[in-house]
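> quick one, what's the 3D model for this:
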Amino acid sequence: MLHTPPPQASLPPFSAAFVQSMIQNGQYEQALRHLQPYVATGPPTPEVLDAVSGCYWAMGQTTRALEVLSAMAELWPENPAIWAKRAARHLTLGHKPEAKAGFQRALALQPGHLPILFALNQVERFAPDSAEARQMETRLCDSDISAADRAGLHNALGRILAASAPAQALAHFVSSKALQSGDYDPAATDRKVAILQKAYARPLPLPSAEAQARSPRAVFITGLPRSGTTLLETMLTQHEAVASVGESPALIQSRASLLAAAGLSPDTSDMHETLPAELLAQGRALYFQMNQSRLTQPAPVIIDKLPQNIFELGWAADIMPEARFVFMLRHPLDVGLSLLSNTFHRGHYYARRMEWIGHYIRANYAACDALRSALGPRLRLQSYRALVEQPQSQLSALLDHLSLDWQEACLRPEDNDREVRTASITQVCEGINRSGLDKWRPFEPGLAPMIEALGGWQWIRAWEQRDAEAAAQ
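Residues are numbered from 1 along each chain as shown. Prediction:
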């Protein structure tokens, strides 16, 4: 597992936080070298081996990471945290049977542990009349559980009841969101859109032949969270010429860094006209430098799928004229319901209220519209409905847009062994299917605040026409 040096007389106390900071900075090999003496002086502790596993996981060596966790489960079979961690890792790889067995073992060791119960419900939904569902209903009456656990109970019960009692399920989702923290500033989002509308009111120059030949070439998949971006990323990374940096903040960070260096405000609306060419070239180099630690293998085409990048695509085109862009279209009420029914670990504060969700969805489309003429043929609007109903023809058009050759493997995202860290993991594991279409319909009576914030049915019908036009591409 590790090349162990001769035992040392003494070591400083082990710090998991220190190792984690190295992993976050992409210093994987340094972290493993730091861990070697703690393994060599043995017997290693669960904290040390968990850090070793975390290093391998961050390096993309998922098999080795799971082997370490399996060894830990053998050494400490009564430790539920180890079984739960191992199960969670399996789940992000789409290994649902292994994930289910691991969570069940963890729950047997720690009965009633709510986060484990929630995770097991994510792998395979409990029936409304199951003992687990009844237990959750009972636990809601406990006065001593935390707000986070109470929010998790409401969310889990909402998922359990979604198919049989949508009105009750929606009430649970709303209650769950009300227990979560964080505020959304609609005015701040509107300012981002206004900047784009002013800055990119006319087409940007198309890339030169020299620019088009650059490698690596970035592809930005944007759209709202829960719009199908993870499915598309997983399909495309089945292509041998494609790798992904996931949901990388590098585009946002590179822009902030370069504007600060130029002494410009982050809200400047004419940066692509005022920044010199050499500074834009530095922006491209900085973007790829920031993403280096996220790549487990080099590739000529790199996917970046951070949804918030919709407000940064103008900057991306400024520093990378050769980049290509895809904006995912999924029915706004399906997206809105999914945002309401999912719990996010951080950010996404707009998802706490239906009216905020409606506003944020409209702002994203306004940002997309502001960029369409500037980006021209570099931007493709991709219908989620068309992608799952006509995957072969839509994939062919997508690959043409990205200047990639046809590869049949892209139609089998369920075979992808990449880690999926988003809430879409269970859907991606099931491959391309139509289960995500029209899920909002049974919930429509309760979605009135969201519908109103979207602009009413007039705006929604106009969106449906836009989606039909995109599907015909």
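> burial of His345, as a residue count?
Using other C-beta atoms under 10 Å, His345 has 7 neighbouring residues. C-beta here means a position set from N, CA and C on the backbone, and glycine is covered the same way.
> now swap in the one 10 residues further on and tell me
In terms of burial, Glu355 registers 15 neighbours under the definition other C-beta under 10 Å.
> that one against Gly455, yeah?
No - using C-beta atoms under 8 Å, Glu355 is not in contact with Gly455; the gap is 11.9 Å.
> right, and the helix or strand after whatever helix or strand Glu452 lives in?
Using DSSP states H and E, Glu452 sits in helix 448-454. Using DSSP H and E, the helix or strand that follows helix 448-454 in sequence is helix 456-471.
> what about Leu286, which SS state?
helix (DSSP: H, G, I helix; E, B strand; the rest coil).
> looking at the nearest residue in space to it that is not next to it in sequence now. What's its pLDDT?
Distances taken as C-beta to C-beta, 6 or more residues apart in numbering place Ser254 nearest to Leu286, at 4.6 Å, with adjacent residues excluded. With respect to pLDDT, Ser254 scores 92.
> residues contacting Ser254?
Gly283, Leu286, Tyr287, Met290, Trp315, Ile319 (C-beta atoms under 8 Å, 6 or more residues apart in numbering).
> so can I have JSON lines of the residues you listed showing neighbour count and pLDDT?
As requested, those are exported to JSON lines (neighbours: other C-beta atoms under 10 Å; pLDDT from 0 to 100):
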{"residue": "Gly283", "neighbour count": "23", "pLDDT": "91"}
{"residue": "Leu286", "neighbour count": "18", "pLDDT": "94"}
{"residue": "Tyr287", "neighbour count": "26", "pLDDT": "96"}
{"residue": "Met290", "neighbour count": "18", "pLDDT": "92"}
{"residue": "Trp315", "neighbour count": "26", "pLDDT": "92"}
{"residue": "Ile319", "neighbour count": "23", "pLDDT": "93"}
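> return the member of those residues nearest to Val193.
When the contacts of Ser254 are compared for distance to Val193 (C-beta to C-beta), Trp315 comes out closest, at 14.7 Å.
> could you find the closest non-adjacent residue to that closest one?
Arg255 (4.7 Å).
> burial check on the one you found, number of neighbours?
Arg255, neighbours per other C-beta under 10 Å, totals 22.
> on that earlier part again, helices and strands around the helix holding Glu452, which ones?
helix 332-341, helix 354-375, helix 456-471 (3 or more C-beta pairs under 8 Å, 6 or more residues apart in numbering; DSSP states H and E).
> deepest-packed of those helices, please.
helix 332-341 (a mean of 24; mean count of other C-beta atoms under 10 Å).
> could you give the angle of the helix or strand harbouring Ser396 to helix 456-471?
Element membership for Ser396 (DSSP H and E) is helix 391-401. Helix 391-401 and helix 456-471 are oriented at 80 degrees to each other (axes from the mean of the first three to the mean of the last three C-alpha atoms, to 10 degrees).
> residues in contact with helix 391-401?
Residues contacting helix 391-401 (C-beta under 8 Å, 6+ apart): 232, 235-236, 239, 324, 326, 380, 382-383, 386-387, 405-407, 410-411, 432, 471, 473.
> and if we set it to 10 Å?
219, 232, 235-236, 239, 242, 324-326, 377-380, 382-388, 390, 404-408, 410-411, 413, 431-433, 470-471, 473 (C-beta atoms under 10 Å, 6 or more residues apart in numbering).
> likewise for stretch 437-444?
162-167, 169-170, 173, 330-338, 340-341, 384-385, 388-389, 447, 450-451.
> now find how far off-centre it is within its chain.
Mean C-alpha position of stretch 437-444 versus that of the full chain (C-alpha atoms, centre = their mean, to the nearest Å) differs by 23 Å.
> residues of it that come out buried?
Lys439, Trp440, Pro442, Phe443 (16 or more other C-beta atoms under 10 Å).
> just the closest of the residues you listed to Leu295, please.
Distance to Leu295, by C-beta to C-beta, is smallest for Lys439 among the buried residues of stretch 437-444, at 34.3 Å.
> how much space between that closest one and His359?
From Lys439 across to His359, the span is 21 Å (C-beta to C-beta, to the nearest Å).
> excluding covalently adjacent residues, which one is nearest to Leu107?
Ile116 (4.9 Å).
> which elements pack onto the strand or helix carrying the one you found?
In this structure, Ile116 sits in helix 114-123 according to DSSP H and E. If you count contacts as 3 or more C-beta pairs under 10 Å, 6 or more residues apart in numbering; DSSP states H and E, helix 114-123 packs onto helix 80-92, helix 96-109, helix 131-139, helix 147-161, helix 425-429.
> dump the longest one to CSV, keeping only the CA atoms.
Put plainly, it is helix 147-161. Provided in CSV are the C-alpha atoms of helix 147-161 (Å, rounded to 0.1, in the frame of the first residue of the first chain):
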residue,chain,number,x,y,z
ALA,A,147,-32.4,21.5,13.2
ALA,A,148,-30.2,19.7,10.6
ASP,A,149,-31.6,16.3,11.5
ARG,A,150,-35.1,17.7,11.5
ALA,A,151,-34.6,19.1,8.1
GLY,A,152,-33.2,15.8,6.9
LEU,A,153,-36.3,14.0,8.3
HIS,A,154,-38.6,16.3,6.4
ASN,A,155,-36.6,15.8,3.2
ALA,A,156,-36.5,12.0,3.5
LEU,A,157,-40.2,11.8,4.2
GLY,A,158,-40.9,14.0,1.3
ARG,A,159,-39.0,11.7,-1.0
ILE,A,160,-40.8,8.7,0.5
LEU,A,161,-44.2,10.2,-0.1
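> could we number from 654 for the rest of this?
All set: I'll call the first residue 654, so the last point we hit is now helix 800-814.
> what's the first helix or strand after it?
For helix 800-814, the following helix or strand on the C-terminal side (DSSP H and E) is helix 819-831.
> next secondary structure after that next one?
Toward the C-terminus from helix 819-831 - assigned by DSSP H and E - lies helix 839-852.
> check contacts around Gln677.
Here Gln677 is in contact with Ala684, Ala711, Ser946 (criterion: C-beta under 10 Å, 6+ apart).
> how close does it sit to Pro902?
Distance from Gln677 to Pro902, by C-beta to C-beta: 12 Å.
> anything in contact with each of the two?
Contacts common to Gln677 and Pro902, judged by C-beta under 10 Å, 6+ apart, are absent.
> read off the pLDDT value for Arg947.
83.
> pretty sure it sits against Lys958.
No - with contact defined as C-beta atoms under 10 Å, Arg947 does not count as touching Lys958 (11.6 Å).
> neighbour count winner among those two?
The neighbour comparison of Arg947 against Lys958 (other C-beta under 10 Å) goes to Lys958, with 25 against 18.
> how about that one: what's its closest non-neighbour residue?
Per C-beta to C-beta, 6+ apart, closest to Lys958 is Ile874, 4.2 Å.
> against Phe671, how distant is the one you found?
From Ile874 to Phe671 the distance is 34 Å (C-beta to C-beta).
> okay, now the domains of the chain?
654-730, 839-1124 (automatic domain parsing).
> least reliable of the ones you listed going by mean pLDDT?
Of all the domains of the chain, domain 654-730 has the smallest average pLDDT, which comes to a mean of 85.
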